[in-house]
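J.: what follows is a predicted protein model with its sequence.
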Amino acid sequence: SGVVAGKQAAARAAVEDHLKDNQVVGVGSGSTIVYAVEKIASRVKAENLKIICVPTSFQARQLILENGLVISDLEQHPQLDLVIDGADEVDSSLNLIKGGGGCLTQEKIVASCGKKFIIIADYRKDSVNFGDNYAEGIPIEVIPLAYHPIQLKIKEIYGGDIKLRVAKRKAGPVVTDNGNFILDWKFDPSLCIGNQWPTINQTIVAMPGVVDTGLFIDMAERVYFGLADGSVRIRE
Ligand code: DER
């Protein structure tokens, strides 16, 4: 499909452009990153590159191991040369919504340790304002005991609709790799007027019980959008 062609094109172009010998690379989570890890593995083999990978989730860990790549962690490599990850939506200022896969906290930690944070996404994620194409809203990772007061507080301050993310193949809420819950916040589109997201993010992150949000403000260096015809559009 066009979406898969787009994911593959974005992933391959980003790895072609940014992967070099002797790098420690942060590996993101989701479906687009699968093609990037495959491309990394094929370049490592073809060019005999020395690459160490640091995962952003259990899924990323499995992906690294399945592709025979060298795996490490932030304890051994607290500074990364390159971080590649997906996104659920990208706005005109290159702010991101991430967390569709529920790994936003580890993803933001790993992204913050990288010299370069490169995003790969299919064309559906390319927006002017958050919400143009994005359905679910902004994910927020919270300590389980705090989820209901946080829901009320966000709704009181900013409105919109905010729901606990429930699992599809398990009774009860989704539990993150860190043992926490996720709230999905369908925000009011009026919040996109002016440059409010940095302040909104800081206010929510400061709420007791909030671990982190899926708002990645001013972090991405470059975004590769893969189009349905397999071509790539770059924004930076
Ligand atoms: O959950 C995440 O943050 C993922 O990186 C997500 O934003 C992108 O997932 P996709 O590549 O499957 O669309």
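T.: Thanks, I have it.

J.: quick one: contacts for the closest residue to the ligand within the chain?
T.: When scored by CB to the nearest ligand atom, the chain has G30 as its residue closest to the ligand, at 2.6 Å. For glycine as for every other residue, the C-beta is placed from the backbone atoms N, C-alpha and C. With contact set as CB atoms under 8 Å, 6 or more residues apart in numbering, G30 has these partners: Q59, D85, G86, G100, G101, C103.

J.: contacting the ligand as well, which ones from those?
T.: Residues of the contacts of G30 in contact with the ligand (CB under 6 Å from any ligand atom): D85, G86, G100, G101, C103.

J.: determine which two of these are furthest apart.
T.: Comparing every pair within these by CB to CB identifies D85 and G100 as the most remote, at 11.5 Å.

J.: of these two, who's got more company?
T.: When D85 and G100 are compared for neighbours, D85 comes out ahead with 30 against 21, by other CB atoms under 10 Å.

J.: what pLDDT does the residue nearest the centre of the chain get?
T.: By CA atoms, centre = their mean, the mean C-alpha position of the chain lies nearest to K98, the distance being 4.1 Å. For K98, the model assigns a pLDDT of 98.

J.: equivalent analysis for E236, please.
T.: We have a pLDDT of 97 for E236.

J.: start at 43 instead
T.: Renumbered: residue one is now 43, and that last one reads E278.

J.: burial check on the nearest residue to it once chain neighbours are set aside, number of neighbours?
T.: Nearest residue to E278, sequence neighbours excluded (CB to CB, 6 or more residues apart in numbering): R264, at 4.2 Å. Under the neighbour criterion other CB under 10 Å, R264 is assigned a count of 16.

J.: and I151, by the same measure?
T.: Residues near I151, counting by other CB under 10 Å, number 13.

J.: still on that earlier bit, now the residue nearest to the centre of the chain. Its backbone dihedrals?
T.: Note on K140: backbone dihedrals following degrees, to the nearest 10 are phi -130, psi 170.

J.: hang on, it packs against G128?
T.: Yes: assessed by CB atoms under 8 Å, K140 is found in contact with G128 at 7.4 Å.

J.: contact partners for D63?
T.: E89, L91, K92, I93.

J.: secondary structure added to those residues, as TSV?
T.: Shown next, in TSV, are the contacts of D63 (DSSP: H, G, I helix; E, B strand; the rest coil):
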residue	secondary structure
E89	helix
L91	coil
K92	coil
I93	strand
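
J.: neighbour-wise, which one of those residues leads?
T.: Counting neighbours by other CB under 10 Å, I93 leads those with 20 neighbours.

J.: tell me what that one is bridged to.
T.: Taking DSSP bridges as the rule, I93 bridges to Q65.

J.: list the contacts for D203?
T.: By CB under 8 Å, 6+ apart, the contact set of D203 is G179, K197, W227, K228.

J.: W227 is in contact with the first one, correct?
T.: Yes: here G179 lies in contact with W227, judged by CB under 8 Å, at a distance of 4.8 Å.

J.: quick one on the thing from earlier: just the buried ones from the contacts of D203, in PyMOL syntax?
T.: Remark: buried members of these, expressed as a PyMOL selection using 16 or more other CB atoms under 10 Å:
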select buried, resi 179+227+228
